[in-house]
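**Student:** I'll drop the sequence and a predicted model, then ask my questions.
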Amino acid sequence: MKPRSMVLSTRGMKMLKKRGWQVALSTVMLAGLAFTAVAGWIGTPIGSRNFAIAFVWIGWFAALIIILIPIFGRGWCSICPIPMVGDWVQRGAILGPQGSPPRGLGLRVPAVLRNMWTQNATFALLALFSASILTSPRITALAMVGMFALATGLSLVFERRAFCRYVCPMGGFVGLYSQVAPIELRVASREPCAACQTKACFNGSAEGYGCPWGVFPAGLTRNNYCGLCLECLRTCPTNNLAIRLRPVAADLAVPSTRRDEAFKSLLMLGSAMVYAAVLLGPWSSFKQAAFGIGSLAWLVYAAVFLVLVLGLLPGSLWLIGRFSQRLARRGEPDSRANSPRARSPFAAFATPLVPLGLAFWAAFSLSFFLTNGSYVLNSISDPLGLGWNLIGTAGVAWRPMLAGAIAPLQTAVLLGGFIWAARVARGVTARLQLPSLPLIGFLFLPTIVMMWLLT
Amino acid sequence: MRSRENAARVAILVFVGAAVLIPIAAWLRTPLVHARVAEAGGWGPDMLRARAGEPLLVRLTSDDVVHGFAIGQGDAPAVDVMPGRVSQVWLRFDTPGTYTFYCTRWCGPNHWRMRGTIEVEGGQAPSAVPASPPLFQVLGIDLDQPHPAAATPSARPEAQRGLALAGSQAQPIDLSLDEYRAQSPAAVWQSWRAERSLAGLSDQDLWDLVAYTYTSTISSAERNESAQLYASNCAACHGERGDGQGVFAEALTQGSLAMGGTSDMGQTAGPVRPADFTDPATLLGASPALLHGKILRGGMGTGMPMWGAILTDQQIWKLAAFLYTFQFNEEPAS
């Protein structure tokens, strides 16, 4: 699928190549992170009235899911404050590409950890404690400071952005769904890259530092692992890189073959359903179990969650894959060993879960935001719950927005997500020469469950 | 380049430092009284200081559920303390002393433990009037001993009928205030039963006379005021109908009202069910002085709080009188 056009004019690209604006934006975000952590720690413990909960988990998260990721992909990662200080310390420079000498041990991350399994684990861990993190300002503050400290610490031990690439629970999430974004950063042509002697995009130069995400841009085929830091735009000696518009979800045309990514998709899908049940559902005992960290009920909740996302959903998908293969082989001579359909299509079958999972999260966030959005206004005006009224909205009464439209909107999003996922599923199964119906049926079941949970 | 780099570092430090320090400074300069359910610590701080005659601004916020703030023995209306929001109230004390503030909302099983004090200093101390001991002490009543009624009526006594009977007697039948306060209804009934002049009245007639006597000590308006006090402060444990089945009664009997896992008030009295005022043996054996003492002092080790700091002496006497309405009908039975 060819990109349609350049997103930015030459002038826009020139502006993007300057690092100052990015440093300025990152600094604002860093200040925001610091303010959020302080507000979470010393402000009111009432989540709906504390900036750390109301602004971050209701406002920012909804914006991330509903707007930022679907449009800009990993755009958030380019200004995310969590790895910034580690990045600056590692390079020994803020405005320039490289100070001297660079700090840190600069070790390579062990090969066994260079995948998404750690990210899957950190997200699952976060999900198990999510009821408390999403409602307790202090726990949110601790989580943020913890992530910041871990990102900074890992920058001093490992080369590049080890935290973003392999640990950040949000990074895996954003990366997965960034595949649907209509923009991409790619090389214009591979020939100059093949001829390039310096590989400055990867190794760095006087113009910029080597890709902190460890990506060689000429090899980029998907958005997942490009953090849109834009350094390659600055370092490429032939101006061979550009940000382009492209068809939506172009990355999904070629199914993934990675099991860690498949598990990420399933984890995200299952988490959205569990979050919807815990945070928006009517079952108080379920909610109490999710909040009662360490209690027997919580252990049961944790076990159910893990069985769902690591056992039931992957197991079902694997079985669907095998069933599809068996259906496809009916009537064929026994050529199992040589058939291109011999290998389990599990990872490829997880590809349609990307648009479906994004739709799940968008539907969940719609409800969360439209129902609780007024708290964002309260928290901006009185972020610490000290009785301020900075912008005159501290006293705005809680009132759901578009109350009558929430359920139809969610249904539309979920149905849209399902149709989109079904189309991707047809593409995937066509490539694998497998029937599409079993996979589409698999996608339909959680869609119905999510619809029931939300509406 | 080096100077630009340094300038960037300074700018980032200043900017991020401001994002940290400004809220901390604002937080330090905004003293709030935090309300939390008693299990989580109650009021924080639970002791305030003021100068007599000078206004005191109290800014309140709740860290959990809706609470209320009021000053004991005061006339000012309670202030709602909402979760995550700040309420404020101006107070002014003309006389130095120790005042009690308390929660007015049934916020949790240990709601009544949510109390704090305001130490008011300066100004002119009130002229020293020797404090008289409460009546239960003067009478030597042991509040912690059982006081079952020696006699109980076979049917619910009717105050209106008692009023009619009193008017029809040749000699007035009444009690002085001191006699009323010192004696239980059962004791009064027994003494009247022993009187020859009343030998012509049946046992139930005498109970109706007792009912009239014990319900006529407060006016209708005072009864309504006392009913409100009862609903606000007593019904959580004793029940709206006085049957000891309030919303917190179960927790009280199971000992779960205890703080920090110990028994109530740290004593080993064991589970105590709130008094059942609909039980004739319980209430008709209690004199107003005994009830006044119980309310004033509280039930040591039973979970019954001390109300002396919250209610005025007059309010407590009226409340004691109101309790008898759980035994006596004031209106004619339909």
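**Tutor:** Structure's in. What do you need?

**Student:** what residues does chain B put near chain A?
**Tutor:** Applying C-beta under 8 Å from any C-beta of the partner chain, we find that chain B lies next to chain A at B:1, B:4-5, B:8-9, B:11-12, B:15-16, B:18-20, B:23-24, B:26-27, B:30, B:32, B:59, B:61-64, B:83-86, B:88. Placement of C-beta: from N, CA and C, glycine included.

**Student:** Now do the buried residues in the longest helix along chain B.
**Tutor:** Taking DSSP state H as the criterion, chain B has its longest helix at helix B:2-28. Under the neighbour-count criterion of 16 or more other C-beta atoms under 10 Å in any protein chain shown, helix B:2-28 has B:8, B:12, B:16, B:19, B:23, B:27 buried.

**Student:** Tell me which other helices or strands it touches.
**Tutor:** Using 3 or more C-beta pairs under 8 Å, 6 or more residues apart in numbering or on different chains; DSSP states H and E as the contact test, the elements touching helix B:2-28 are helix A:20-42.

**Student:** which helices and strands does the helix or strand following the helix it packs on pack with?
**Tutor:** Of the helices and strands lying after helix A:20-42 in sequence (DSSP states H and E), the nearest is helix A:51-53. Applying 3+ C-beta pairs under 8 Å, 6+ apart, we find helix A:51-53 packed against helix A:20-42, helix A:137-157, helix A:353-381.

**Student:** Quick check: next helix or strand after helix A:51-53?
**Tutor:** Going down the chain from helix A:51-53, the next helix or strand is helix A:61-63, by DSSP H and E.

**Student:** ok, residues contacting that next one?
**Tutor:** By C-beta atoms under 8 Å, 6 or more residues apart in numbering or on different chains, the list of residues contacting helix A:61-63 from outside reads A:365-366, A:368-369, A:373.

**Student:** one more time with 7 Å, if that's ok
**Tutor:** Residues from elsewhere that reach helix A:61-63 (C-beta atoms under 7 Å, 6 or more residues apart in numbering or on different chains): A:365, A:368-369.

**Student:** picking up where we left off before, helix A:20-42 and the longest helix of chain B, what's the angle between them?
**Tutor:** Relative orientation of helix B:2-28 and helix A:20-42, computed by axes from the mean of the first three to the mean of the last three C-alpha atoms, to 10 degrees: 20 degrees.

**Student:** middle-most residue in chain A, spatially?
**Tutor:** Centroid-nearest residue in chain A, with C-alpha atoms, centre = their mean: A:Val174, separated by 1.7 Å.

**Student:** Show the subsequent helix or strand relative to the helix or strand hosting it.
**Tutor:** A:Val174 belongs to helix A:169-177 when assigned by DSSP H and E. Of the helices and strands lying after helix A:169-177 in sequence (DSSP H and E), the nearest is strand A:183-187.

**Student:** Can you give me the buried ones in the helix or strand following that following strand?
**Tutor:** The first helix or strand that comes after strand A:183-187 along the chain, using DSSP H and E, is helix A:190-195. Counting neighbours by 16+ other C-beta under 10 Å, one finds that the buried residues in helix A:190-195 are A:192-193.

**Student:** and helix A:190-195, average pLDDT?
**Tutor:** Regarding helix A:190-195, the rounded mean pLDDT is 92.

**Student:** Strands of the chain, residue ranges please.
**Tutor:** Picking chain A for this. Secondary structure of chain A, counting by DSSP state E: strands at A:5-6, A:183-187, A:241-245.

**Student:** I was after chain B.
**Tutor:** When secondary structure is read from DSSP E, chain B shows strands at B:33-35, B:43-44, B:47-51, B:55-62, B:67-71, B:79-81, B:86-92, B:97-102, B:115-121.

**Student:** Spell out which parts of chain A neighbour chain B.
**Tutor:** Counting by C-beta under 7 Å from any C-beta of the partner chain, chain A comes close to chain B at A:23, A:27, A:30-31, A:34-35, A:38-39, A:42, A:44-46, A:48-49, A:93-96, A:384-387.

**Student:** for the chain, which spans come out with low pLDDT?
**Tutor:** Chain wasn't specified; assuming chain A. Where chain A drops to pLDDT under 70, the residues are A:1-9, A:100-102, A:331-342.

**Student:** nope, chain B
**Tutor:** Scanning chain B for pLDDT under 70 picks out the ranges B:1, B:126-130, B:170, B:254-271, B:331-334.

**Student:** For A:Pro237, give me its contacts.
**Tutor:** A:Pro237 neighbours (C-beta under 7 Å, 6+ apart): A:198, A:200.

**Student:** Chain B versus that one, what's the distance?
**Tutor:** Look at A:Pro237 and chain B: by C-beta to the nearest C-beta, to the nearest Å, they are 21 Å apart.

**Student:** Then A:Leu245?
**Tutor:** 33 Å.

**Student:** So what sits opposite that residue in the bridge?
**Tutor:** Taking DSSP bridges as the rule, A:Leu245 bridges to A:Ser5, A:Ile183.

**Student:** and it, how many neighbours does it have?
**Tutor:** Look at A:Leu245: counted by other C-beta atoms under 10 Å in any protein chain shown, it has 14 neighbours.

**Student:** A:Arg399 too?
**Tutor:** So A:Arg399, with other C-beta under 10 Å, has 9 neighbours.

**Student:** Excluding chain neighbours, what is closest to it?
**Tutor:** Distances taken as C-beta to C-beta, 6 or more residues apart in numbering or on different chains place A:Ser374 nearest to A:Arg399, at 5.4 Å, with adjacent residues excluded.

**Student:** Roughly how far does A:Gly321 sit from chain B?
**Tutor:** 49 Å.

**Student:** circling back: quick one: closest of the strands of chain A to A:Pro81.
**Tutor:** strand A:183-187 (20.9 Å; C-beta to C-beta).

**Student:** How about the residue in the stretch 351-455 of chain A positioned nearest to chain B: what's its closest non-neighbour residue?
**Tutor:** Nearest residue of the stretch 351-455 of chain A to chain B: A:Gly387, at 3.1 Å (C-beta to the nearest C-beta). Excluding the flanking residues, the one nearest A:Gly387 by C-beta to C-beta, 6+ apart is B:Val86, at 3.1 Å.

**Student:** So that neighbour sits against A:Leu384, correct?
**Tutor:** No - using C-beta atoms under 7 Å, B:Val86 is not in contact with A:Leu384, being 10.3 Å away.

**Student:** Of the two, give the one with the bigger neighbour count.
**Tutor:** When neighbours are counted by other C-beta under 10 Å, B:Val86 and A:Leu384 differ, and A:Leu384 comes out ahead with 26 against 22.

**Student:** so who does that one touch?
**Tutor:** By C-beta under 7 Å, 6+ apart, the neighbours of A:Leu384 are A:39, A:42-44, A:51, B:23, B:27.

**Student:** Could you check how far it is from A:Met147?
**Tutor:** A:Leu384 sits 22 Å away from A:Met147 when distances are taken as C-beta to C-beta, to the nearest Å.

**Student:** same thing with A:Ala250?
**Tutor:** In terms of C-beta to C-beta, A:Ala250 sits 31 Å off from A:Met147.

**Student:** Count the neighbours of the residue nearest to A:Phe123 when sequence neighbours are not counted for me.
**Tutor:** Closest residue in space to A:Phe123, ignoring its immediate chain neighbours: A:Pro169 at 4.0 Å, by C-beta to C-beta, 6+ apart. Burial measure for A:Pro169: 19 neighbouring residues, criterion other C-beta under 10 Å.
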